[in-house]
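**Student:** Structure, please.
(one chain, ligands or ions: 1)
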Amino acid sequence: MTYEELMEKAIEASKKAYTPYSKFNVGASVLTESNKVYSGCNFENASFGLTICAERNAIGSAIADGERKIKAIAIYSPNQDNCVPCGACRQVISEFCDDNTEIIVKIGDSLKAYKITELLPERFSL
Ligand code: THU
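**Tutor:** Residues are numbered from 1 along each chain as shown. Down below sits the predicted model:
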């Protein structure tokens, strides 16, 4: 699975987003240590704070299938280039990644990869 292919999965997932309130669609696809891919989209609620981000939706599916290590996560929004994860998702990603993990976003026709330490220099941990 190339990062371009992983991004294609995220693009597909973004088409399933349920966003009647923000109209801001996001798709995310996670590549795990065992080379499986899990995708998710954001889904909103009339009680706005209950909204689930695409990244956490995709990671939840991976976890529910027994996966624990993220090699890469691609994130895509048709509404915004360089759609980096929100702070809450950065913390959740950090639980399941290391500094080799690539956090991939799309900027025009190009992909850009971030490390978690760039996006979240000081993660909360126990
Ligand atoms: N959203 C995500 O899915 N991921 C992020 O990292 C940032 C925000 C969603 C939540 C909400 O449905 C919409 O984007 C606007 O905030």
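**Student:** tell me the average confidence for stretch 49-64?
**Tutor:** Confidence over stretch 49-64 (mean pLDDT, whole number) is 98.
**Student:** That one close to the ligand?
**Tutor:** Yes. With CB under 6 Å from any ligand atom as the criterion, the ligand is reached by stretch 49-64 at 51, 53-55. Every C-beta, even on glycine, is put in place using the N, C-alpha and C of the backbone.
**Student:** now those: which count as buried?
**Tutor:** Among the residues of stretch 49-64 next to the ligand, those classed as buried by 16 or more other CB atoms under 10 Å are 53-55.
**Student:** quick one: which of the residues you listed is nearest to Val26?
**Tutor:** Distance to Val26, by CB to CB, is smallest for Ala54 among these, at 3.9 Å.
**Student:** I'd assumed Leu120 was in contact with Arg90.
**Tutor:** Yes. Between Arg90 and Leu120 there is a contact under CB atoms under 8 Å: 4.2 Å.
**Student:** for Asp65, what are its contacts?
**Tutor:** Applying CB atoms under 8 Å, 6 or more residues apart in numbering, we find Asp65 in contact with 36, 38.
**Student:** one more time with 10 Å, if that's ok
**Tutor:** Residues counted as contacts of Asp65 (CB atoms under 10 Å, 6 or more residues apart in numbering) are 32, 34, 36, 38.
**Student:** any idea which helix or strand carries Ala72?
**Tutor:** Using DSSP states H and E, Ala72 sits within strand 70-76.
**Student:** so what strands line up beside that strand?
**Tutor:** strand 27-32 (antiparallel), strand 102-107 (parallel) (DSSP bridges).
**Student:** where does the nearest residue to Ser29 once chain neighbours are set aside sit relative to the ligand, distance-wise?
**Tutor:** Nearest residue to Ser29 in three dimensions, chain neighbours excluded: Lys9, at 3.9 Å (CB to CB, 6 or more residues apart in numbering). Taking CB to the nearest ligand atom, to the nearest Å as the measure, Lys9 falls 15 Å from the ligand.
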